[in-house]
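# Any chance you could fold what I've pasted below:
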Amino acid sequence: MKRVDLHIHSTASDGTCTPTELVLEAKKAKLYSVALTDHDTVSGIDEFMEAGIKYGLRTIAGVELSTEYEDTEIHVVGLFIDPENEALLGQLRIFRDNRDNRNLKMIDRLREEGFQITAEEIYERYPDAVVARPHIARFLVDTHQVEDMQTVFDKYIGEGCCCYVERYKISPMRAVELIRNAGGVAILAHPCLYKISDETMNRMIKEMKKAGLDGIEALYSRNQGSDEQKYRALAKKYGLLISGGSDYHGTNKPDIQLGTGTGDLVVPKKILLDILLFMKTFRDR
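You can find the predicted model right below:
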């Protein structure tokens, strides 16, 4: 069975593989197609698409936008976006500026806790990345100040910890609008990760559907038990597409592999073909 992976990350956000390396890894894994969906940035898309042409792999331009719904962080994936869309780029610039300010505040708090870390060191070490918490955690581990990245998050920069700073977010509905206006397909990412009630999930999906939501990521690395069936049923209930992906981050999430997630993820080619058919049938391209 030919497989796809419609949710992966590169060094342009918080992954450890460059966009070109992702294409090579996908070729090695014999994937039919992959989508680059970096967090709140499209800076890796050009390299990714060029590598796809060079190495003969079907590559998809994507993005993953950070949002908030009733105090819960919600992510929305966009597939087949135009990475030069001005409205999208404008919002991404706002994300970047707010993230930079947040990084500075967290670094200051870490210094107050006694860590040897400066903003200059972080940004020099990751010059081409959208610097965020994983880069700060990696720096503390690489400089032997903390044993592992999980400890950095659990004790210092995870939500509610002493050095944590809230991040700027938009609503899921606004994310859907931005993705749709950029010509993309809007997908509710990894619903299994959200600690919200079924009532809240249904209410949110209704609101997102009204804004133009196209699909749900029902196939995902960290699904458990009947999660896939649950989210397939929700997709059917609201007339939404099914999407799926590993959420591959390289060594930043070492238990998740490209294409197979934690080992048993299968996103068949038909998932992508259904999305393409939807775009051809219902979108004026």
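
# got the CA coordinates for stretch 127-145 in CSV?
Included here for stretch 127-145 are C-alpha records, laid out as CSV according to Å, rounded to 0.1, in the frame of the first residue of the first chain:
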residue,chain,number,x,y,z
PRO,A,127,20.0,31.2,12.5
ASP,A,128,17.5,29.8,10.0
ALA,A,129,14.8,28.6,12.4
VAL,A,130,11.7,30.1,13.9
VAL,A,131,13.2,29.9,17.4
ALA,A,132,10.8,28.6,20.1
ARG,A,133,10.8,26.6,23.3
PRO,A,134,12.3,23.4,21.8
HIS,A,135,15.4,25.4,20.7
ILE,A,136,15.8,26.9,24.2
ALA,A,137,15.5,23.4,25.7
ARG,A,138,17.9,21.9,23.2
PHE,A,139,20.5,24.6,24.1
LEU,A,140,20.3,23.8,27.8
VAL,A,141,20.8,20.1,27.1
ASP,A,142,23.6,20.7,24.6
THR,A,143,25.4,22.9,27.1
HIS,A,144,25.0,20.2,29.8
GLN,A,145,22.9,22.4,32.1
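
# For the remainder of this discussion, apply numbering that starts at 829.
All set: I'll call the first residue 829, so the last point we hit is now stretch 955-973.

# Okay, buried residues for that stretch please.
957-969 (16 or more other C-beta atoms under 10 Å). Every C-beta, even on glycine, is put in place using the N, C-alpha and C of the backbone.

# swap in stretch 1015-1033?
Quick answer for stretch 1015-1033 (16+ other C-beta under 10 Å): 1015-1020, 1022, 1024, 1029, 1032-1033.

# Of all pairs in those residues, which one is the farthest apart?
1015 and 1024 (17.5 Å; C-beta to C-beta).

# How is this structure partitioned into domains?
Domains of the chain are assigned by automatic domain parsing as 832-919+997-1110, 927-985.

# Just want the most central residue of this protein.
residue 892 (4.1 Å; C-alpha atoms, centre = their mean).

# Looks to me like that one is in a helix.
No. Per DSSP: H, G, I helix; E, B strand; the rest coil, residue 892 lies outside any helix segment and is strand.
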